[in-house]
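K.L.:
Structure of the sequence below:
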Amino acid sequence: AAAAAGGRGMKRPAGAKDASAALETPQKARASASAAAGGRGAARGRPAAAAARKAKAKAKAGPPEIEEDVMLEASKLGLDVVLRRLLARPDVADSSATSRQALDALQAAGGLLHPAKEALLGAR
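P.N.:
Numbering: from 1, shown residues only. Just a heads-up that it's a prediction; the model follows:
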């Protein structure tokens, strides 16, 4: 009888276990509130529509146009990937730099992207 009075021998009501499982921790409550508000973008203060527009604009730009002879030379030098990255940058793509000028800038910069970009665009 003493053990039963201490609560060890007593059974819980059928609904008590289910009610405690329904309670959420504060982290889960914040996560579910964030998801309801629009997901990760909304949690950072950026609407999902703005993120979608940015991704669509990035996908629309496509790969840069590179002359075949310039790409062949860049491949032989091991600079083909960096050349594509350099020419795909929006600030370089908006400039009047040709793929030949970009390759020459990369060679002068020792294959480093940012120094080549600065040489193409000029120090700002």
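K.L.:
where in this protein is pLDDT low?
P.N.:
1-24, 28-46, 50-63, 123-124 (pLDDT under 70).
K.L.:
which residues of it fall in helices?
P.N.:
Under the criterion DSSP state H, the chain carries helices at the ranges 2-5, 16-22, 26-37, 40-43, 48-61, 68-77, 80-88, 90-94, 99-108, 113-121.
K.L.:
Kindly spell out which helices and strands sit in contact with the last one.
P.N.:
Meaning helix 113-121. helix 80-88, helix 90-94, helix 99-108 (3 or more C-beta pairs under 8 Å, 6 or more residues apart in numbering; DSSP states H and E). (Each C-beta comes from the backbone N, C-alpha and C, glycine too.)
K.L.:
by contact count, what packs against the shortest one?
P.N.:
Helices and strands in packing contact with helix 90-94 are listed as helix 113-121; criterion 3+ C-beta pairs under 8 Å, 6+ apart.
K.L.:
In the helix it packs on, which residues are buried?
P.N.:
Buried residues in helix 113-121, counting neighbours by 16 or more other C-beta atoms under 10 Å, are found at L113, A116, K117, A119, L120.
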